[in-house]
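Chemist: Using only what follows, build the 3D model:
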Amino acid sequence: MSFDTSTLYLFATMVAGMLGAMLMLFGKQENIPALKWWGTAYLLGAASVAIWTIGGAKLGEPLLLALHAIGFVACGMVWNAARVFHGRKPNLTGLLLGAVVWVGVVLAVPSLNPAMRLIVGAVIVAIYAGLTASELWSERRRTMQKRWPTIAVPVMHGCVLALPILLGSLLRPHDETFASSIWVTAFSIELILYAIGTVFVIFMLVSDRAVTVHKTAASVDPLSGMLNRRGFTEACNGVIEREATAGRPVTVMIFDIDHFKSINDRFGHPAGDEILKLFSTVVISNLRISDLSGRIGGEEFAALLACPLEEGVIVAERVREAFEASNIVCEEGPVDTTVSIGVAGGPAGTELEVLLAAADTALYQAKRGGRNRVEAAEELPLSLEKWRRKTAGRAASQRPATAT
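Modeler: Presented below is the predicted three-dimensional model:
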């Protein structure tokens, strides 16, 4: 069974064109610039191959040269799509460089035979393919279980777009043996299948990005930009497990902005929101990059530090002083920016719930002691049950005896 190569190429370009239009439409609807880049690359590659297949040698050398250059531009757009997808700016110089090099080589050496032209073009495509693979490799998301499809697909994508154009000088109508070869037929069929498979992988990347964005949104407090209670808990459990493996202690602190309700009542909720944003900035500015912090309640924040209790108390005092020195003044008057902080530390592997319970008790002591102060837990908690029994026993001993 034989296939007409020109017909297969035309069918492949029709498929690529439709998929490119679909990517463009979806990218516009979902406001995903990278899909527009990928879609445009599909359309350019499909158009250049289609025109070359229909016109062939009748088009003349200048137009054929331009079609080849468009194919290299399409390869450059694939690389730029990967850059844009990961938030980087397009490299317009690199986008056009491949086409410029190709045209320059052909014009500078007009006697260059088809085999040498094929080699020059293959080198250009290989460079673009390597750049695309490198871009996706370095920016790979952790949620992707396997990285090889995201690398292999862009590499082959550039090759599929460029190779039919590069082979154009070899696929002459009078060369019946080569044009009807099994390799050319298989290649044209692969072009059709790959055009479809590439879109699936692109949407896999988009879907993975969407899942990551939703997970991040579910773990971040929109007002302060810090982790919410859920995100803070999940992140802390990972750090505690890591530090426990290394045998290092951790420290937790809970912050509660003093008289926050009165701030809302006196200055209004917008002013209260600004105070919350200010405090989150103070906390982040006074912690290390490796430390964790989050907003776990209305005016309540928390932080986890991989350090002993003594160092945690020093950091907490630094946060308290920085917030007190904010000196916020509204039209109604100065705003009291003070915070009470409870700090608790524990040996390696101490549960987060235990640390939070101990820090919360210390925070309560700071509130009772006059606010705007740092209190550390008296004892290092060892286990949740022991801590609950200890605090329950202490509360029972403090209750007044009833008359019998």
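Chemist: and residue 375, that one's in a helix?
Modeler: No: using DSSP: H, G, I helix; E, B strand; the rest coil, the assignment for residue 375 is strand, not a helix.
Chemist: Double-check it against residue 342; I have them as touching.
Modeler: Yes: Residue 375 lies in contact with residue 342 (Cβ atoms under 8 Å); the separation is 5.6 Å. In this view, the C-beta of every residue, glycine as well, is placed from N, C-alpha and C.
Chemist: helices and strands around the helix or strand hosting residue 304, which ones?
Modeler: Assessed by DSSP states H and E, residue 304 sits inside strand 300-305. Under the contact criterion of 3 or more Cβ pairs under 8 Å, 6 or more residues apart in numbering; DSSP states H and E, strand 300-305 touches helix 229-246, strand 250-257, helix 269-286, strand 292-295, helix 309-324, helix 352-368.
Chemist: what about 10 Å?
Modeler: helix 229-246, strand 250-257, helix 269-286, strand 292-295, helix 309-324, strand 339-346, helix 352-368 (3 or more Cβ pairs under 10 Å, 6 or more residues apart in numbering; DSSP states H and E).
Chemist: Output the lowest mean pLDDT helix or strand found in this protein.
Modeler: helix 176-179 (a mean of 45; mean pLDDT, DSSP states H and E).
Chemist: Tell me the buried residues in stretch 235-242?
Modeler: Going by neighbour count (16 or more other Cβ atoms under 10 Å), the buried part of stretch 235-242 is 235-236, 239-240.
Chemist: low-scoring pLDDT stretches of the stretch 1-150 of the chain, where are they?
Modeler: For the stretch 1-150 of the chain, applying pLDDT under 70 flags the ranges 1-5, 57, 115, 138-150.
Chemist: re the thing from before, please enumerate the shared neighbours of residue 375 and residue 342.
Modeler: Common neighbours of residue 375 and residue 342 (criterion: Cβ atoms under 10 Å, 6 or more residues apart in numbering): 316, 359, 361-367.
Chemist: burial measure for the nearest residue to residue 84 once chain neighbours are set aside, as a count.
Modeler: Excluding its sequence neighbours, the residue lying closest to residue 84 (Cβ to Cβ, 6 or more residues apart in numbering) is residue 34, at 4.5 Å. Residues near residue 34, counting by other Cβ atoms under 10 Å, number 21.
Chemist: coming back round to it: any idea which of the buried residues of stretch 235-242 is closest to residue 127?
Modeler: residue 235 (40.0 Å; Cβ to Cβ).
Chemist: which residues touch the closest one?
Modeler: 219, 227, 292-294, 304.
Chemist: hmm, 7 Å instead?
Modeler: Residue 235 makes contacts with 227, 292, as judged by Cβ atoms under 7 Å, 6 or more residues apart in numbering.
Chemist: repeat for residue 134
Modeler: By Cβ under 7 Å, 6+ apart, residue 134 has no neighbours at all.
Chemist: Now it: which helix or strand?
Modeler: With DSSP H and E as criterion, residue 134 is part of helix 114-138.
Chemist: Over to residue 17?
Modeler: helix 5-30.
Chemist: List the buried residues in stretch 219-239.
Modeler: 219-221, 224, 226-228, 231-233, 235-236, 239.
Chemist: quick one: the residue nearest to residue 84 and residue 44, what's the gap?
Modeler: Distance, residue 34 to residue 44, by Cβ to Cβ, to the nearest Å: 16 Å.
Chemist: quick check, nearest of the buried residues of stretch 219-239 to residue 329?
Modeler: Closest to residue 329, out of all of the buried residues of stretch 219-239 and judged by Cβ to Cβ, is residue 224, at 21.7 Å.
Chemist: Per-residue pLDDT of the nearest residue to the closest one once chain neighbours are set aside, please?
Modeler: Residue nearest to residue 224 in three dimensions, not counting chain neighbours: residue 280, with 3.8 Å by Cβ to Cβ, 6+ apart. As predicted, residue 280 sits at a pLDDT of 94.
Chemist: quick one: residue 280 and residue 228 touch, right?
Modeler: No: judged on Cβ atoms under 7 Å, residue 280 makes no contact with residue 228 at a distance of 11.8 Å.
Chemist: Overlap in contacts, these two.
Modeler: Contacts common to residue 280 and residue 228, judged by Cβ under 7 Å, 6+ apart, are residue 295.
Chemist: and residue 331, how many residues sit next to it?
Modeler: Other residues close to residue 331 by other Cβ under 10 Å number 6.
Chemist: pLDDT value on it, please?
Modeler: Residue 331 is given a pLDDT of 71.
Chemist: And it, its phi and psi?
Modeler: With angles defined as degrees, to the nearest 10, residue 331 sits at phi -60, psi -30.
Chemist: any idea how far it is from residue 278?
Modeler: In terms of Cβ to Cβ, residue 331 sits 17 Å off from residue 278.
Chemist: ok, now which ones touch the nearest residue to residue 89 once chain neighbours are set aside?
Modeler: Once flanking residues are discounted, residue 89 sits nearest to residue 83: 7.1 Å by Cβ to Cβ, 6+ apart. With contacts defined as Cβ under 7 Å, 6+ apart, residue 83 is in contact with 90-91, 135.
Chemist: Regarding residue 83, what is its secondary structure?
Modeler: Per three-state DSSP, residue 83 ends up helix.
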